[in-house]
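Engineer: Coordinates for the following, if possible.
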Amino acid sequence: MANHVGSEGTVKVGVNTVAEIKSWSLDIQGEVIEDTELNDAWKTHKPGIKSWSGAVECHWDETDLLGQGAMVVGNEVTLNLYPEGDVIGDQYYSGLAIFTGKSMGGENGGIVSASFNFTGNGILNEPTV
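Structural biologist: Next up is the predicted model:
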């Protein structure tokens, strides 16, 4: 059984690697539609519409114009999330994403951070490099 450490991962906007990534998350959901009939003794269901969303957290880098600079609220981009790296044979997640939020913060003795929230727009593909 294979497993991977988080430091193997990366995030790209199109072909551009996002700089200073601290973490990223991906949430894939599927709706369930109830189709129980009047005389059924047990509830029954059908699969419904799927969706995906997540976040990318970084050390803020204002010089990363094609990575962090492209993750502007309202922008739609091709987002590629690589949990195990981006070498031949590695699986990743790819789709159109719309950025829905940005949070920033800083503290004395720390690095300024930026967190970018996104929602998928359509199918989430699971290709390999």
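Engineer: alpha carbons only for contacts and neighbour counts from here, please
Structural biologist: OK.
Engineer: Low-confidence regions, this structure specifically.
Structural biologist: 1 (pLDDT under 70).
Engineer: tell me the SS of the residue lying farthest from the centre of it?
Structural biologist: Most distant from the centre of the chain: Asn39, at 42.4 Å, with distances by CA atoms, centre = their mean. Of the three states, Asn39 takes coil under DSSP: H, G, I helix; E, B strand; the rest coil.
Engineer: separation between it and Phe99?
Structural biologist: Counting by CA to CA, to the nearest Å, the separation of Asn39 from Phe99 is 46 Å.
Engineer: what are the pairing partners of whichever strand or helix holds Asp27, and which direction each?
Structural biologist: For Asp27, the host element (DSSP states H and E) is strand 21-34. Counting by DSSP bridges, the strands paired with strand 21-34 are strand 45-59 (antiparallel).
Engineer: Check which residues of the partner strand are buried.
Structural biologist: Ser51, Trp52, Ser53, Gly54, Ala55, Val56, Glu57, Cys58, His59 (16 or more other CA atoms under 10 Å).
Engineer: Skip the chain neighbours and tell me the closest residue to the last one.
Structural biologist: Just to be clear, that refers to His59. Ser113 (4.4 Å; CA to CA, 6 or more residues apart in numbering).
Engineer: Please apply the same query to the second one.
Structural biologist: The spatial neighbour of Trp52 that comes closest, neighbours along the chain excluded (CA to CA, 6+ apart), is Ile28 at 4.4 Å.
Engineer: do the same with Asp86
Structural biologist: That would be Val129: by CA to CA, 6+ apart, it lies 6.3 Å from Asp86.
Engineer: Just the CA coordinates for the strand holding Asp27, please, in CSV.
Structural biologist: Output of strand 21-34 as CSV, limited to C-alpha atoms (Å, rounded to 0.1, in the frame of the first residue of the first chain):
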residue,chain,number,x,y,z
ILE,A,21,2.3,26.8,-0.5
LYS,A,22,1.8,25.8,3.1
SER,A,23,-1.2,23.5,2.6
TRP,A,24,-4.2,22.8,0.4
SER,A,25,-7.5,21.0,0.8
LEU,A,26,-10.1,19.5,-1.5
ASP,A,27,-13.6,18.6,-0.6
ILE,A,28,-15.6,16.4,-3.1
GLN,A,29,-19.4,16.0,-2.4
GLY,A,30,-22.3,14.2,-3.9
GLU,A,31,-25.9,14.9,-3.4
VAL,A,32,-28.3,12.1,-2.5
ILE,A,33,-31.9,12.3,-3.8
GLU,A,34,-34.6,10.4,-1.9
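Engineer: Right, I'll leave it there.
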